[in-house]
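Student: Sequence and predicted structure below; questions after.
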Amino acid sequence: MADAWRRHLDADRKLVEKALRAEMTAAKGMPQRLRQAMAHSLHGGGKRLRPLLTLWTHDALAGGSRSGASTRPVALRAGAAVEMIHTYSLIHDDLPAMDDDVLRRGRPTCHVAFDEGTAVLAGDGLQALAFAVLADLGPRAADMVALAARAAGPAGMVGGQQRDLDAEGQPVTARMVERIHAEKTAAMLALSMVLGGVCRGESSATIEALADAGHWLGLAFQGADDVLDVTATSETMGKTVGKDDASQKATWVRVEGLERATRRARRHGQRGLEALDRLLPGGESTQRLLDLCAYMWQREH
């Protein structure tokens, strides 16, 4: 992977971890067991892709200008909020009523480490906390709350999850798979990039362009996930693999086969990358964002 990405990855991941811990520490009044369950999942590792996308999209749009320094802390908090929403969705996805998984990020899932009721509440708590953080982000806070609600809600991630459940074991088409992936996964990845632009005060045209690029990159990310569920190991992935096939999930691999699914993920990824490249001003911060986005469908876990 290109040096422009590697040089900044560890440092900014540490900033993300620090921000997540700060938001949890600032949240007062919750029962201790609930706090422990929320922390178990939120601080359990992971790629932190979504907050990095928010932060690095902000940086790329700033183009190295001094004005970007003043809004970077806002972008960091916005990215932390997206990670909380993502983590809540993982807790609920892993529940016995949904995917019934026992392993996440190489650790016991929340309902295994605690109990099913506490896991439901931990997910609920993280989602509510995420929106509280977004609502505290200054003049554009209302815009960010509205965008996040749309991406995470019944016409976005939650709706995509419902379509995913409905499609299990049913005949599916490529069009159905694309809609599920767009809502369940791409909506939140696109949101991550969009929030970076909102924090910078970018125009509606730029925000729309970021959403479009994020849509295609999100499809590529989920397409790669479909492939890795077949080709990777549970040790590499940090979660149980092979469950898509066992549950007859709506995936590109199920519809098209492994080789064509791999090509599709690459094609979607290249489309998103080219759209992003046309939009950004260039320079080191642009290159590291492009490197991170290329990783989304070239990853091995």
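Tutor: That came in fine, so what should we check first? Fair warning: this is a prediction, and the values are worked out from it, not measured in the lab.

Student: Spell out, range by range, the strands that occur in this structure.
Tutor: 103-104, 107-108 (DSSP state E).

Student: what about the protein, any weak spots by pLDDT?
Tutor: Low-confidence segments of the chain, defined by pLDDT under 70: 1-4, 64, 66-67, 237-239, 301.

Student: picking up where we left off before, so which of the strands of the chain is nearest Gly169?
Tutor: Closest to Gly169 of those, according to C-beta to C-beta: strand 103-104, at 22.9 Å. No exception for glycine: its C-beta is placed from N, CA and C like everyone else's.

Student: what's the spacing between the closest one and its chain's center?
Tutor: Centroid displacement of strand 103-104 relative to its chain, using C-alpha atoms, centre = their mean, to the nearest Å, is 17 Å.

Student: what does that strand contact?
Tutor: Contacts with strand 103-104, where a contact means C-beta atoms under 8 Å, 6 or more residues apart in numbering, come from Ser41, Gly44, Leu90, Asp94, Thr109, Cys110, Ser234, Gly238, Lys239, Thr240.

Student: That one pairs with which strands?
Tutor: Sheet pairing of strand 103-104 (DSSP bridges) gives strand 107-108 (antiparallel).

Student: List the buried residues of stretch 196-213.
Tutor: Within stretch 196-213, the residues that qualify as buried are 196-200, 202, 206-207, 209-213, counting by 16 or more other C-beta atoms under 10 Å.

Student: just stretch 36-50 next, same as before
Tutor: So for stretch 36-50, counting by 16+ other C-beta under 10 Å, buried means Ala37, Met38, His40, Ser41, Leu42, Gly44, Gly46, Lys47, Arg48, Leu49, Arg50.

Student: now, which of those sits nearest Ala141?
Tutor: Comparing these against Ala141 with C-beta to C-beta places Arg50 closest, at 18.5 Å.

Student: what about that closest one, distance to Ala39?
Tutor: 18 Å (C-beta to C-beta, to the nearest Å).

Student: Many thanks, have a good one.
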